[in-house]
Each structure stands twice: as structure tokens, then as C-alpha cells.
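Asks: Got a predicted structure plus its sequence, pasted below:
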Amino acid sequence: MSDAEQPTETDPDGEFNPSAPNTGEKFEPVDVFPDSDDFDLRPGSDSCYKCSTCDTNCPVAEVDDEFPGPKFQGPEQWRLKQRDDEHEIDDSVMDCSNCMRCDNACPAGVPLSQMHNTARGEYVSEQMDKTSIEYWRNRILSNYRTSAWLASKLPRLANVAMNVTKEREFPEFATETFREWWDKRGAAAGSKERAQAARRERGLPEDADKKVAYFHGCYSNYNTTEVGKAMVRVYEHFGYEVVVPEQKCSGTPMFANGMLDDARRHAEVNVSSMSDLVDQGYDAIASCTSCSMALRQEYPELFDIPGIDDVAANTFESLEYLRIHEDLQGELAEVEVSGDLAEEFAYHAPCHARNQGLERQALELFRDVDGVGIEDVGESCSGISGTYGWKAEKYEKSMEIGEEMFEHMEHAEGDTGMTECPTCAMQMEHGTGYDIRHPLELLEAALVDGRGV
């Protein structure tokens with residue numbers, strides 16, 4: 001049959017012809033369920049055609065035969081609810097680590113992690129015993145800003161009281177927080193002066209529109225302050241004015257533990273601060289890939305807060321943003337790294353970096369830098385998934401998930417790891433004994449003069 005004789009979707013009168021091939025031009029999918037404005041995910045469940053790709057990509061399902069997997073936790077749970085609004089959420093939803101790999105794996109675009117987060121929130125709110133040790137342990141772990149400092153003073157006692165595995169010690173806290181260092185350095189006014197000086201040196205107008213709002217998150221403020229400091233110095237090196245607005249936790253550990261009311265309270269503060277700055281021309285930058293994931297994906301999926309869409313659209317991971325706006329490759333080609341960061345790095349891409357399409361960025365950026373070697377240690381999950389690997393009942397599973405990564409690191413050149421995620425860094429160090437660095441630290445060593453200022 002010639003092209004001219006091929007049947008079309010419509011007959012000569014313009015009516016739809018169901019026997020004709022579908023080219024996609026006139027076809028409209030059937031709305032099995034009406035559109036929803038209240039985060040009811042039952043409509044999205046109809047997109048799942050049970051291929052089980054999400055289950056085969058789930059690191060928890062791989063090591064736990066009793067875990068039913070993302071397909072059950074997401075679309076199948078909501079299908080049950082569409083038949084019966086009184087249907088209870090299965091308690092196995094609390095075994096999901098919130099790595100969000102299922103989102104990437106799904107060929108049909110089913111909002112799996114959104115379903116899991118919503119189901120966990122409903123389970124904790126309506127079904128979980130609020131007097132149980134598990135509930136309060138999860139609540140304390142989720143609210144890292146208010147609990148971890150106290151726990152770090154008596155780690156062994158805290159481990160027992162909170163049902164945290166005895167295999168892990170609470171991370172060491174900095175004697176000076178990032179925000180204290182930031183204030184001593186002159187805060188936003190000091191950053192503006194340094195940025196203007198850098199612009200003059202680069203031949204840029206002093207009033208060039210280069211300004212970012214730094215979402216440092218909890219860990220860079222209290223623990224790995226060197227990451228926050230490196231972020232500020234690198235951005236000022238390129239002539240960016242940095243501001244550090246009022247902020248709470250990104251909410252990532254709260255999502256993973258079903259504490260959505262807590263997460264919303266934190267999100268309201270963060271969105272309010274960041275949306276005001278976005279209106280003034282700032283972009284939001286995060287040095288933790290879980291924080292950037294929360295602001296740009298999980299917030300708009302879970303909350304209806306004024307300004308949330310603008311914040312999501314203007315949020316970037318720190319290395320990602322510089323690769324978009326600056327000639328990093330060109331500048332790095334002219335330097336040779338020496339000193340304590342002239343290393344062979346074993347790089348692990350966090351799951352939440354993969355969700356944002358950022359799993360190759362550090363490898364591509366540093367692979368040709370003189371004095372540096374960088375090796376990908378595979379696609380496996382680290383296994384810690386925020387608070388998941390801290391729980392006594394999840395520790396062995398966490399380590400089993402991370403085993404592939406540990407083995408790859410042991411066979412890589414050198415004994416220094418690299419990742420953008422602070423909890424992945426904990427797991428990498430815990431499983432191998434390696435020192436772990438953030439890509440921003442290497443970028444600072446390569447490009448910024450006067451290290452340690």
C-alpha cells in the first residue's frame with residue numbers, strides 16, 4: 001500500500017476512526033479518574049502497567065525478600081484505595097529507603113516516590129502508634145537540627161535510647177558552624193565586596209547580575225563546614241554574590257520517615273526565604289543533592305505553598321549551576337592540583353544525583369585535570385539512604401546494599417572517596433575507612449588562590 005493509500009485516524013468527515021493507525025495527533029487518552037487538586041494519587045496509578053522495572057531496580061527489594069517493592073508500595077496501594085477509601089496503608093511502606101531509584105526506572109512516568117511519600121505520611125499520621133519507640137526514634141532522627149547535637153554529646157546512650165545501631169557513632173560536630181564562619185567573614189556584605197573584586201579581575205562589570213542564595217542544609221552547617229566554605233569561595237571566585245538566607249532542614253529525612261507535617265513546617269520557612277530572593281533575581285544553590293532534590297521535586301509534589309513553583313524552577317545543585325554558567329572545563333585545563341587534594345578519587349554518584357541527571361558531572365569535570373584521577377565505582381546505591389542505615393533493624397540491609405560500592409572502592413586506585421551526598425559519604429567512610437571529599441573541595445583546591453582564607 002502506498003503512502004497515499006495509508007488509512008488515517010479520521011474518516012473523510014473528520015470523525016475518529018478506531019480501525020485506523022494511531023499517530024498520536026488526534027488521540028486523547030481516556031480519563032479513567034478525574035483530575036485531582038488535593039494530591040490524591042489514584043489517577044496516577046492507572047499509568048502503571050505492571051512491568052515491574054521499578055522492583056528490579058529497587059536496592060531494598062534486592063536484599064530483602066519480604067519487602068514487596070515499589071510497585072506494590074505505589075500504584076497497587078492506590079488502586080486498593082480507589083476501590084475502598086477505608087483501605088489501610090501496608091506497614092511495609094516504612095521499609096522503603098526513599099532512594100527514589102524507582103522514579104528513574106519507570107518507563108511510564110508513574111510518580112512512584114510521590115506515592116511512597118504520601119503513603120508513608122498517611123501511615124504515620126493515621127495508623128502508627130504515637131507512643132511507640134519506633135515513632136519517636138524516627139521523629140528524632142528526622143529532626144536532625146534539633147536532636148543530633150545533643151545526641152553527639154552522649155552517642156552510646158543516644159544509640160540505645162533511640163534504637164540507633166550500635167555499629168555507628170554520631171558524626172563529629174564542627175567547633176564553629178558554617179553560619180558562624182559566614183557571619184565572621186562579613187556575611188552578604190563581605191561576599192558582595194569579594195565578588196565585585198573578582199569581577200574586576202575578570203574584566204566583568206562590577207554590577208553584573210551574578211548572585212545566588214545558598215541552601216547549605218543541616219550537615220554543611222553543623223558537620224562538614226568545609227563544604228559550605230568551599231562553595232562560598234568557589235562562587236565568589238567566579239564573581240557571584242552569595243547570600244545565606246534563613247532556612248530550616250530541607251525535609252528529606254522527614255519525607256523518608258513519613259513526618260510530612262514536620263516537613264511542611266520546614267518547607268514553609270525555606271520557600272518563603274527563597275521565593276523572596278528568587279523574585280529579586282537570585283537562584284537557589286544547594287551543595288547536597290538530596291537538598292536540591294527536595295526543593296526542586298519533592299516540595300512541589302507534596303505541598304501547596306505560595307512561591308513553591310518558582311523556587312523549584314530556580315533551584316540547582318552547586319556544581320551543576322557552575323557547569324551551566326561558567327567555563328569550568330576551560331579553567332581547570334590550565335591548572336594542576338597539588339598538595340592534599342592531589343589524589344586518585346573513587347567517585348560514587350548518590351541516588352538523588354541520578355534522579356536529577358547529575359551522575360556523570362564530577363567524572364566529566366575532573367577526568368582531565370592534572371594531578372587528579374577519578375574513577376566511577378559503579379551504579380549501586382550506597383545503602384545508607386539518610387536515616388535508613390542508622391536504624392538498628394535496617395543496619396545489616398544497609399551494609400548489604402552498599403557491599404557492591406565498597407568492593408568497587410577497594411579495587412579503585414587510591415584511598416580517597418568523593419560524593420556530593422553527606423550521608424553517602426558517611427557510608428563510604430564506614431564501609432572502607434577512606435577519607436571522603438566533596439567535589440566542591442577539589443574545585444576550590446584547583447581554582448581558588450589563598451586556600452584556607
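Replies: Yes, it's here.
Asks: Just the strands from the stretch 201-350 of the chain, written as ranges.
Replies: Remark: strands assigned in the stretch 201-350 of the chain by DSSP state E, counting those that start in this stretch are 211-215, 241-243, 283-286, 315-317, 344-347.
Asks: Mean pLDDT and mean neighbour count for those - can I get that in TSV?
Replies: Any C-beta I mention is one placed from the backbone N, CA and C, and that applies to glycine too. TSV is the format used below for those (pLDDT from 0 to 100; neighbours: other CB atoms under 10 Å):
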stretch	mean pLDDT	mean neighbour count
strand 211-215	98	24
strand 241-243	98	22
strand 283-286	98	25
strand 315-317	98	24
strand 344-347	95	23
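Asks: Check which residues of stretch 188-199 are buried.
Replies: 190-192, 194-196, 198-199 (16 or more other CB atoms under 10 Å).
Asks: So which of these are in helices?
Replies: Among the buried residues of stretch 188-199, the members found in helices (DSSP state H) are 190-192, 194-196, 198-199.
Asks: I'd like those laid out as CSV, including distance to residue 283 and pLDDT.
Replies: Below are those laid out as CSV (distance: CB to CB, whole Å; pLDDT from 0 to 100):
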residue, distance to residue 283, pLDDT
190, 20, 98
191, 15, 98
192, 16, 96
194, 18, 97
195, 14, 97
196, 19, 95
198, 18, 96
199, 17, 96
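Asks: where does the stretch 301-450 of the chain dip in pLDDT?
Replies: When residues are selected by pLDDT under 70, those of the stretch 301-450 of the chain lie in 449-450.
Asks: quick one: residue 65 is in a strand?
Replies: No: counting by DSSP: H, G, I helix; E, B strand; the rest coil, residue 65 is located in no strand; its state is coil.
Asks: picking up where we left off before, of all the strands of the stretch 201-350 of the chain, which one is nearest residue 70?
Replies: strand 315-317 (24.2 Å; CB to CB).
Asks: What is the closest one packed up against?
Replies: On a contact count with 3 or more CB pairs under 8 Å, 6 or more residues apart in numbering; DSSP states H and E, strand 315-317 meets strand 283-286, helix 289-293.
Asks: From the buried residues of stretch 188-199, pick the one nearest residue 133.
Replies: Comparing the buried residues of stretch 188-199 against residue 133 with CB to CB places residue 191 closest, at 44.8 Å.
Asks: for the closest residue to residue 52 other than its chain neighbours, what are its contacts?
Replies: Nearest non-adjacent residue to residue 52, counting by CB to CB, 6 or more residues apart in numbering: residue 71, 5.9 Å away. Residue 71 makes contact with 48, 50, 52, 54-55, according to CB atoms under 8 Å, 6 or more residues apart in numbering.
Asks: Narrow these to those that are buried.
Replies: Buried among the contacts of residue 71 (16+ other CB under 10 Å): 48, 54-55.
Asks: Check the gap between residue 77 and residue 119 for me.
Replies: Here the criterion is CB to CB, to the nearest Å. By it, residue 77 lies 6 Å from residue 119.
Asks: joint contacts of those two?
Replies: Residues touching both residue 77 and residue 119 (CB under 8 Å, 6+ apart) are 89, 93.
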